[in-house]
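Q: model the structure of this input:
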Amino acid sequence: MSDDRRFSWGHININVSNLEQSIAFYRKLGFEPFIPGVTYVGLSTDETAQPIPGDAAEALGIEGNAHGRACIMQLDEGFPKIDLTELSDQDQAEPLANKDLGLVRICLVTEDLAGEVERLTAEGVEFISAPKEWHMKLADLAVCKDPDGTLIELLQVYLERWEDVPNGKGFTEPGRQILHCTFGSVLTHDEFGPAVKGVLDDHPDTYTEVLADHFSRHLLSLAQGMQ
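A: Numbers count the residues shown, from 1 in each chain. Below you'll find the model as predicted:
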């Protein structure tokens, strides 16, 4: 397996209708401004919207004489950042719902979901529902909306309960564990990444078998859907 990294996290873009209002909202979730604008697009947090250069607008697929304002925000100085962009004079659709295709929500983790939901609700944040227990009470989850309706998942995970899940059931089924633990940010972790890669390198036959089984089931479902 190669250690070459083709990509690393940058930011997630969230288009907003009112930059100041959205900055205030994401501050409630713990974000802080990181860069007052997106310099390579020519946007800033200035009160007057700035023109987006033609090449940048073309690359982004934005039509017309586009203007905008933006702010990069961060959570605990980590990645990914979020890029809040307010565009002027654009026809904009409503944000996607959880049932739709595409990037429908971002997820933030907390150790006190009930307390955070109570605090945010008191501050006027809208939630789809009260916090709900998930599979085998392994996590609690609530989804809130930003001022424009973009969905944010708030999650509290109870790792101490995961040992109670019967072996070979649900997400503890060996194939799912091997596959899903080897794809994601764990591979880029300074400590865990090399350890996981070492296990995979030591057991290539098992890893190949799990991958083949996993992808064959996905391809089978796809083939059945195309009939």
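
Q: just for this structure, where's the confidence low?
A: Applying pLDDT under 70 to the chain flags the ranges 1-3, 161-188, 214-227.

Q: now with 90?
A: Residues of the chain meeting the criterion pLDDT under 90: 1-7, 63-65, 77-78, 89-91, 133-139, 157-227.

Q: what segments of it are strands?
A: 11-16, 32-35, 37-38, 43-44, 50-51, 67-74, 81-88, 105-109, 126-127, 132-133, 139-145, 151-157 (DSSP state E).

Q: include mean neighbour count and distance to His203 when you put these into CSV, please.
A: The C-beta positions use only the backbone N, C-alpha and C, and glycine is treated the same way. CSV is the format used below for these (neighbours: other C-beta atoms under 10 Å; distance: least, C-beta to C-beta, whole Å):
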stretch, mean neighbour count, distance to His203
strand 11-16, 17, 35
strand 32-35, 14, 41
strand 37-38, 20, 44
strand 43-44, 22, 49
strand 50-51, 16, 54
strand 67-74, 22, 38
strand 81-88, 21, 36
strand 105-109, 13, 30
strand 126-127, 14, 44
strand 132-133, 12, 35
strand 139-145, 19, 29
strand 151-157, 18, 28
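
Q: make TSV from those strands and add distance to Pro95 to it.
A: Formatted as TSV, these follow (distance: least, C-beta to C-beta, whole Å):
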stretch	distance to Pro95
strand 11-16	9
strand 32-35	22
strand 37-38	20
strand 43-44	20
strand 50-51	24
strand 67-74	17
strand 81-88	13
strand 105-109	9
strand 126-127	13
strand 132-133	21
strand 139-145	8
strand 151-157	7
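
Q: Leu60 versus the nearest residue to Lys132 once chain neighbours are set aside, what's the distance?
A: The shortest distance from Lys132 to any non-neighbouring residue, by C-beta to C-beta, 6 or more residues apart in numbering, is to Leu141 (5.9 Å). From Leu141 over to Leu60 the distance is 32 Å, taken as C-beta to C-beta, to the nearest Å.
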